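> 3D model of this:
(one chain, ligands or ions: 1)
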Amino acid sequence: MRRFFAGKVTENRVFLLGGEAEHFSRVLRMTAGDLFLAAHQGKELVCRALSAENGEVCAEILETRDCPGEPSVDITLYVAYMKSDKMELILQKAVELGIGCFAPFVSSRCVKKPKEGGKAQERFEKIAEGAVKQCGRAGAVRILPPLSLEEVLWEIPQHGAVLFAYEKSEIALRQVFEQIREQKDIALIIGPEGGFSEQEAEQIIAAGGRSVSLGRRILRGETAAIALTALTAYETGC
Ligand code: SAH
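So this is what the prediction gives:
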């Protein structure tokens, strides 16, 4: 069954609006009587279209069910700013792998900084939405505006566990997962191309971040972000 994002939901009706309605009627040539799935607030609604006209699809809800692709662990990915194509790649892959929140931040060795009033946030939201739909999730991924490292430090204690990818760490990821397997709120921190300064690394650890090694080689930031997210998703079964 085709999947769409619900635009509006009432007690027993679903409405597809804007681009979703357009996709339904014009692109897929679907019409009244067709069955489809509508994603809404983490749930999956099985629907039958009643009408598709004037840029709006109205459908009856046949069943409301949990969405099997919806993550069971809330993973926040803090990523130091890199070039926008790398950020977009990380975001798309991380959403497929199950993150709930994407949080770019700026640290001292970031070569790229987010542009003031730039369109990055909008683009990130579009990419996340596309990935949510493609991979069979039903809830929106939160995209935070760029944070400072200080803000990341304040947020660290609010998570159940924070894994901080640090190339100088000698702590194996396997060892840390043995201690946090039941955690339902996990944050991951990835540094910039230039890495973290010693002082920044110490601040992250002092705030409660657990430094972890991703192996004996130095990975590019985007490789580290995707690898750590995939390993976290695998280990937690999220
Ligand atoms: N400039 C640094 C490496 C930065 S790599 C250097 O050359 O030493 C970018 C980010 O990826 C790092 O800040 C870290 O978060 C992560 N990373 C890369 N390789 C890693 C590894 N082997 N273990 C843990 N984290 C790693």
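
> Confirm residue 211 sits in a strand?
Yes - the assignment for residue 211 (DSSP: H, G, I helix; E, B strand; the rest coil) places it in a strand.

> I figured residue 48 was touching residue 60, is that so?
Yes - contact between residue 48 and residue 60 holds when scored by CB atoms under 8 Å: they sit 5.4 Å apart. To be clear about C-beta, it is placed using only N, CA and C from the backbone, and glycine gets the same treatment.

> Going along the chain, name the helices of the protein.
Taking DSSP state H as the criterion, the chain contains helices spanning 18-22, 84-97, 120-135, 149-155, 173-180, 198-206, 221-236.

> Point out the residues in the protein that sit beside the ligand.
165-167, 190-191, 193-196, 213-215, 217-219, 221, 224 (CB under 6 Å from any ligand atom).

> Show me how to select, in PyMOL, the buried members of those residues.
Buried members of the residues of the chain next to the ligand, defined by 16 or more other CB atoms under 10 Å, are picked up in PyMOL with:
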select buried, resi 165+166+167+190+191+193+195+196+213+214+219+221+224
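
> Among the residues of the chain next to the ligand, which ones are in strands?
Per DSSP state E, strands hold the following members of the residues of the chain next to the ligand: 165, 190.

> Just the closest residue of this structure to the ligand, please.
Closest residue of the chain to the ligand, CB to the nearest ligand atom: residue 191 (2.2 Å).

> which ones are touching the closest residue to that residue other than its chain neighbours?
With sequence-adjacent residues excluded and distances taken as CB to CB, 6 or more residues apart in numbering, residue 191 is closest to residue 80, at 5.1 Å. By CB atoms under 8 Å, 6 or more residues apart in numbering, residue 80 lies in contact with 104, 105, 106, 107, 109, 110, 190, 191, 192, 221.

> how does it look with 10 Å?
Contacts of residue 80 were listed using CB atoms under 10 Å, 6 or more residues apart in numbering, and they are 87, 104-112, 149, 152, 189-196, 200, 221, 225.

> Likewise for residue 56?
With contact taken as CB under 10 Å, 6+ apart, residue 56 is in contact with 7, 8, 15, 16, 17, 18, 20, 21, 24, 25.

> In those residues, which residue is surrounded by the most others?
residue 16 (27 neighbours; other CB atoms under 10 Å).

> Can you name the residues that contact that one?
4-8, 22-25, 30, 36, 38, 47, 49, 52, 55-59.

> before we move on, the earlier item: biggest separation within the contacts of residue 56, which pair?
Greatest spacing in the contacts of residue 56, by CB to CB: 8 and 25 (16.7 Å).

> For stretch 143-154, buried residues please.
Residues of stretch 143-154 classed as buried: 143, 144, 146, 147, 149, 152, 153 (neighbour count, 16+ other CB under 10 Å).

> Distance to residue 233 and pLDDT for those - can I get that in CSV?
As requested, the buried residues of stretch 143-154 are exported to CSV (distance: CB to CB, whole Å; pLDDT from 0 to 100):
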residue, distance to residue 233, pLDDT
143, 19, 97
144, 20, 96
146, 25, 94
147, 23, 96
149, 25, 97
152, 21, 98
153, 25, 98
